[in-house]
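Q: Predicted coordinates and the sequence they were generated for:
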Amino acid sequence: LKVNITNDESETLQLKGIEVQSSDITQIINTTHPLKWLMPSNETWALILFNTSAIEPETYSGWVRFVFESSSGTTSYSTISYSLTVQPFDPLIRVDPPYLHFESLGYEESIIKFTVENLVDVNLTVALQIPSELDGICIPLKNIDTIPPKGHAEYPVLIKSWKVADMIVEELNFTVLSPVPQTWRTPVALISHEALNVQNFTLLEKHVVLENNSIIVNNGTTKTINFNVPIGTHQLLVIGDSNITTLEWELYNPINSPVTLMDINFIKFSVMDPMPGTWTLLLKNEDPKYIANVTLRVLISASDMIGGTDLLKEEIELHGYLLGGEDKIVRFYVPPGVSSLNIFTGDLPDFTLELYDPFGRELSLTETLFNPIHGTYTVRLLPLNPSTEQIAFSMKVETPPIEEFNEIPVVVTDFIKSKEAKIFKFYVPPGVEAFSLDLTTNASLNHFLKSPSCEKYLSDTTYLVESPEHGVWSFYVEAPYESAIISIVVDEVIAKYLGTPPLHVTGRIDGTGIRIFRFWIPYDTGIFALNGSSTTGVGWKLFDPSGEIQYFKEDVLMEISVESPKPGAWKLEIESFESTTFSFEVVIGNQSFSKVKIVLEESFLISTGESESGVITIQNFGNETLKIMNVETLDPWVSILDYDPSEIASSTVGSVDFEVDAENCTYGIYHSFVVIESSWGKHFAEVSMEVLLDLVKVGGSAEILTSNDVSSVTINIFVQNIGVSNASILNVPLCYHISERSLKTGEVSVISNNENSFVEGLNYILPNITVSFGSNGDVMNFFATFVIVKGRSYKPNFTGIENIYANIVQNSFNGLIDEPFLLSVNVTNEADYSTGKVVLWNYVVNDFYLLPASVPSIQNGSFSILSATVRFTEWTKENVRLLLIVENSSGELVCIASQNVLSIDIEAGLEIVDVWYIPETPMAHDYIAVKAKLGEYKTSIFTVSAFYMYDNQRETLHMATSEGSNVYSGMLKPFMQPVDVNFVVSAVANGRLGFFISDNNGNYYNMKVRTSPPPEEFDITVFTDRPAYRSGSKVLIAGNVTREGSLLINVFVNIKVLDPTGTVIAEGQKITNETGYFAMEMQLTENATEGIYQVNVTYGEAYEIYEFWVDNTPPLISSIKVTPENPRVGQEIIFEVQVQDNESGIERVVLSYNDGSGWVNITMDSAEGGYYFATLPPLENETTIKYKVYAWDLAGNIAYSEEREIEVLGEAKPWSGVSPIIIISLVAVAAVVVFLVLKRKK
């Protein structure tokens, strides 16, 4: 809110204070304007910033009261009331700075950087909209950008202060275009100063109001001297001397109030913030004898506004002279987006330095000020010894920009001056499971690491962060004692997915670091083994699919076997605190280890655009020949040249020849694998490459301001070789001194010159530095900008530059990450003069790498084309303008932006085509599977993750896939209460950010988890394919879940199998299929304990227990009985057997017999007591029957008897074979019977 203030009184008013009713407002007073005193009928203004934090719709009402005191001492109040209605919302973005209060000098052109932070887990497309009132004043160098999840993007804006007459209050709009519209409004106040000094004096000048070296005051008289003090004066100094000590000095302000005499050495009066108006000085000579001869000077001093730094000039230097008794105010502007504020002064023994931020708060000068808020800062120099007549004064203000890097991995070399501090920022994309940061330096440094949520990490020189928060991380570095060369390497760790065993992996960790690998264990795996080794001690950590640690040890060896492993994606972490080479193998079932050793090539250090060859050695220590089936690479920058031989005999060696090519690679670290498919399985051999550019970093660009009494200044340009090749500085402007012409990687040269030929006003210097690299002698030109302002303020001739136009020739780039593009800009000169240098600048848009390109001049009426190659390191969609620096006819450097925009659409070659979850209507007790299907992709997938939020909690779900599938899934554990879950799925490829949600327009998915019904409403049925098993058998478990008689589809049940001791021997999580049934297989071990096993199936709180036997003991056949013992033809034969089984029980008993016509099996009928019966039908012929009995128990164990025989006799004839005695006896018995019957009849 801009408040205009007018003094309608007849007296001069002094602002004594500002009172506010609410703490939600912060006053921003433009302290470089004359607000302390207000003359009658004069106007000034104040700015008020409202900072609202409503979480519900709310009206902010209150007042702001300005308290004035008139020159007669009367207090008056001026109150303004306000009422603001705030509609709160959940912001998708946050803009830094949230407001812009920008003060600059009228001759400056500045680039201000807005940083837009993405607060959510989806890509946001954000556009910067400039209001018509700022058209031509604020030129956006980026119009549109797509910001990755929890990432940020920079929107540089070129501000032409020379087009601002006094001040403009407006607002910029940052609008989210997709997935949903939302606007962040950024208030902007632009203030332009025509002069360095508010009073329009010469820089650091004490304006002489009155100077008279020969004032005569006769004895016994009083001399009256009047002088005028203008508004905005910071200090009034009355300096004088007299030949008599009795002369009295009296000073009165415009309302005739006396001022206390100071009388220290030559200073008589010093008045801070004097009242504007007519002052009166009385010189009273009451000496009766002597005439007073007076030397008198009346000086006034105002605060100096010295401008500010920006992306094109990182320093401001101030040189001049101050009086010993002078209280000096210097104000300067600090732009947004700088690392730190560093102030250096020369030796000031007679002054104390005070520093105040834009809100008037005093800051400590002994502590580094990181991330300073933007705005106008104030330095106050307080005199300690007013007796010193004049001292030299110099001050340097440095605001190094934040070094921004799009994504990890990061390799950066930099030079930090003594007492300087910097911030390096890098983006950690989703799916990164760990990263390491290594700092190398030649001096003592203070440093720390800060996460996106501002958690602070401290370490010596190496940081290792596991499960990092995705978003923008910051690394703070300070050189407290001496200048330092630093190297920062940030290496990502994204889990490498290997597939299904057998697997053999060999890799390397340089310094402190971590590697993460995932492999898939199938559902029917009975056992798997993992063996590993390393050249130095490392931490081996193995996680099962549920995230539980199954193994952890710090050693050079690792050995583990896992029986009945959980199916799914297992994870192995290898952590090292020094350089090491590691190797491990994974086998399942009865597979054996490979007995193969892979010898890796050393890491490659290479320049972009170059290639190198390497060899991977394969040593076969096994007894069998190793056949090489196929060799392939996972990334396009590695290619296979040859492998020989295709069959590696026992105790012999083979090799794979490959090549790394950095033609399409940008500055950074690259990791990949060569995959060797052999008759044993897959071997993964790591290939690492660090790509450096042939490049120097040029620093020291400055604005140097001097008073008229400073005859010369020294400029210093720092050139550091940050490339892979040695560099040589070939040419610099004449008279420049070079400390080192030849620079190895990381070395710094200082190019300096003493400039003394500059004229009063503005002087521009754009020294061109020519550097060659490597054995090829490639030559590149670099620039540093200097503006030297001497004495009075100066208004440059900017209008003539408006007839020079820049247009991008091919204004759209569509392609893939790391693909090179040729950028060409046509610069046309329609002005009436020929230009000086024209430079395509490279420091503005950080989203792509661009070397500066230049031409020495463009003739009027002609054009020139500037070209450079650019590459993109991330998925992005944005519109940008290019910045050029043009030297006009007056030798002034003016910034122009391209008239058209460059439209950039870079794809990662990765797309998510579908996302879903099961069950479709989950309940609180349900396990929930989140699934994502990827379309065809042109690069390898590192990770797929789901980010979900519920009850103000944020979690990450890592998703995995079975080998060869493009469907990734992850499991959410039961929430145990009804809840709304919002989630989004993302994919990462090649360490670069992939394409995010392609369906649902990038919105979060909403999953409503319902309340669980009582467990009594559910019925679980469980069964196995048989009731009992022998050790080593495969067990099939199946069942279903019903609710009120209806089968439940797509719900997860937990299954645990316990042995007779209660130990869990198998467990799994299964989903019911479209028919409503679940199933799980398990393999019993060969030495499984006999007894009753339990299958425990749970669904929420409902559960069911089913039992089966493990029985390795066959049944016992105790007796066999045949009736009759001597059967004849035509008789039935009954077999009776007793069979017992004390474990699982008898399944069946079979009688097997052969009556001469072949063996026949009869299943015997059971009876009480373990007896079994079988009846043979009558036989028609005499024969011999062979027979035996088989008995099976429920586990399939079998018992059988020995083979036996029984004779079947022929049919018996009448009396045949009966003895005579038996016949006589029978006749006698019959006779007796007849006699008794006849006798009874009588």
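A: It's in. It should be emphasised that the depicted structure is a prediction, and the values quoted were computed from it without experimental measurement.

Q: Now the element after the helix or strand of the chain with the lowest mean pLDDT, going C-ward?
A: The helix or strand of the chain with the lowest confidence, counting by mean pLDDT, DSSP states H and E, is strand 992-993 at a mean of 45. Counting by DSSP states H and E, the element after strand 992-993 in chain order, helix or strand, is strand 1005-1009.

Q: contact partners of that next one?
A: 915, 917, 921-924, 926, 928, 975, 977-984 (CB atoms under 8 Å, 6 or more residues apart in numbering). To be clear about C-beta, it is placed using only N, CA and C from the backbone, and glycine gets the same treatment.

Q: Kindly write the ChimeraX command that selects the buried subset of those.
A: With 16 or more other CB atoms under 10 Å as the criterion, this ChimeraX line picks the buried residues out of the contacts of strand 1005-1009:
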select :915,917,922,923,924,926,928,975,981,982,983,984
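
Q: now, which of the contacts of strand 1005-1009 lie within strands?
A: Those of those mapping onto strands are 915, 917, 928, 979-984, per DSSP state E.

Q: give the contact list for the spatially closest residue to P91 that is not a sequence neighbour.
A: Closest residue in space to P91, ignoring its immediate chain neighbours: L119 at 6.1 Å, by CB to CB, 6 or more residues apart in numbering. By CB under 8 Å, 6+ apart, the residues touching L119 are 91-94, 150.

Q: Now the two most distant members of the residues you listed.
A: P91 and K150 (13.4 Å; CB to CB).

Q: Which residue of those two possesses the greater neighbour count?
A: Relative neighbour count places K150 above the other of P91 and K150, with 22 against 13, counting by other CB atoms under 10 Å.

Q: That one and W473 touch, don't they?
A: No. Using CB atoms under 8 Å as the test, K150 is too far from W473 to be in contact (10.6 Å).

Q: quick one: common contacting residues for those two?
A: P452.

Q: could you pull out the strands for the stretch 651-800 of the chain?
A: 653-661, 668-678, 682-692, 696-699, 702-706, 713-721, 727-731, 737-738, 742-743, 748-755, 761-765, 768-773, 778-783, 786-790 (DSSP state E, counting those that start in this stretch).

Q: name the helices or strands packed onto the last one?
A: Read it as strand 786-790. strand 702-706, strand 761-765 (3 or more CB pairs under 8 Å, 6 or more residues apart in numbering; DSSP states H and E).

Q: Of these, which stretch is the most buried?
A: Neighbour counts (mean count of other CB atoms under 10 Å) averaged over each of these peak at strand 702-706, with a mean of 25.

Q: Just give the strands next to it in its sheet, each with its orientation.
A: As defined by DSSP bridges, the strand partners of strand 702-706 come to strand 315-323 (parallel), strand 786-790 (parallel).

Q: Could you point out the helix or strand that follows the longest one?
A: Using DSSP H and E, the next helix or strand after strand 315-323 towards the C-terminus is strand 328-334.

Q: Check the offset of that following strand from the chain's centre.
A: Offset of strand 328-334 from its chain centre (CA atoms, centre = their mean, to the nearest Å): 37 Å.

Q: which one of the strands paired with strand 702-706 lies closest to R1026?
A: Counting by CB to CB, R1026 lies closest to strand 315-323 out of those; the figure is 84.6 Å.

Q: Pull the residues that contact the closest one.
A: Contacts of strand 315-323 (CB under 8 Å, 6+ apart): 203-204, 206, 237, 299, 304, 306-309, 328, 330, 332, 351, 381, 383, 389-399, 700-707, 709-710, 713.

Q: again, only using 7 Å
A: If you take CB atoms under 7 Å, 6 or more residues apart in numbering as the criterion, strand 315-323 is touched by 203-204, 206, 306-307, 309, 328, 330, 332, 381, 389-398, 702-707, 709-710, 713.

Q: what's the top strand by length along the chain packed up against?
A: Secondary structure assigned by DSSP E gives strand 527-543 as the longest strand of the chain. In terms of contacts (3 or more CB pairs under 7 Å, 6 or more residues apart in numbering; DSSP states H and E), strand 527-543 is packed against strand 549-563, strand 568-576, strand 580-588.

Q: among those, which is nearest L282?
A: The nearest among the helices and strands packed on strand 527-543, by CB to CB, is strand 568-576 at 83.4 Å.

Q: list the buried ones in the longest strand of the chain?
A: 527-530, 532-534, 538-543.

Q: Which single one of those residues is nearest to W249?
A: For these, the nearest to W249 is G539 (80.9 Å; CB to CB).

Q: rewinding a little: just name the closest of the ones in strands among the contacts of strand 1005-1009 to N123, please.
A: Closest approach between those and N123, by CB to CB: V984, at 9.8 Å.

Q: Hmm, the closest one is touching V122, no?
A: Yes. Using CB atoms under 7 Å, V984 is in contact with V122, at 5.3 Å.

Q: Would you map the strands across the stretch 1051-1200 of the chain?
A: Secondary structure of the stretch 1051-1200 of the chain (DSSP E, counting those that start in this stretch): strands at 1052-1058, 1064-1071, 1077-1083, 1091-1099, 1102-1110, 1116-1123, 1133-1140, 1146-1154, 1159-1163, 1165-1167, 1171-1176, 1183-1193, 1198-1200.

Q: Turn the ones you listed into a markdown table, including mean neighbour count and distance to L177.
A: Shown next, in a markdown table, are these (neighbours: other CB atoms under 10 Å; distance: least, CB to CB, whole Å):
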| stretch | mean neighbour count | distance to L177 |
| --- | --- | --- |
| strand 1052-1058 | 20 | 39 |
| strand 1064-1071 | 18 | 40 |
| strand 1077-1083 | 19 | 46 |
| strand 1091-1099 | 19 | 45 |
| strand 1102-1110 | 18 | 49 |
| strand 1116-1123 | 14 | 83 |
| strand 1133-1140 | 19 | 82 |
| strand 1146-1154 | 18 | 72 |
| strand 1159-1163 | 12 | 79 |
| strand 1165-1167 | 12 | 80 |
| strand 1171-1176 | 18 | 84 |
| strand 1183-1193 | 19 | 73 |
| strand 1198-1200 | 16 | 76 |
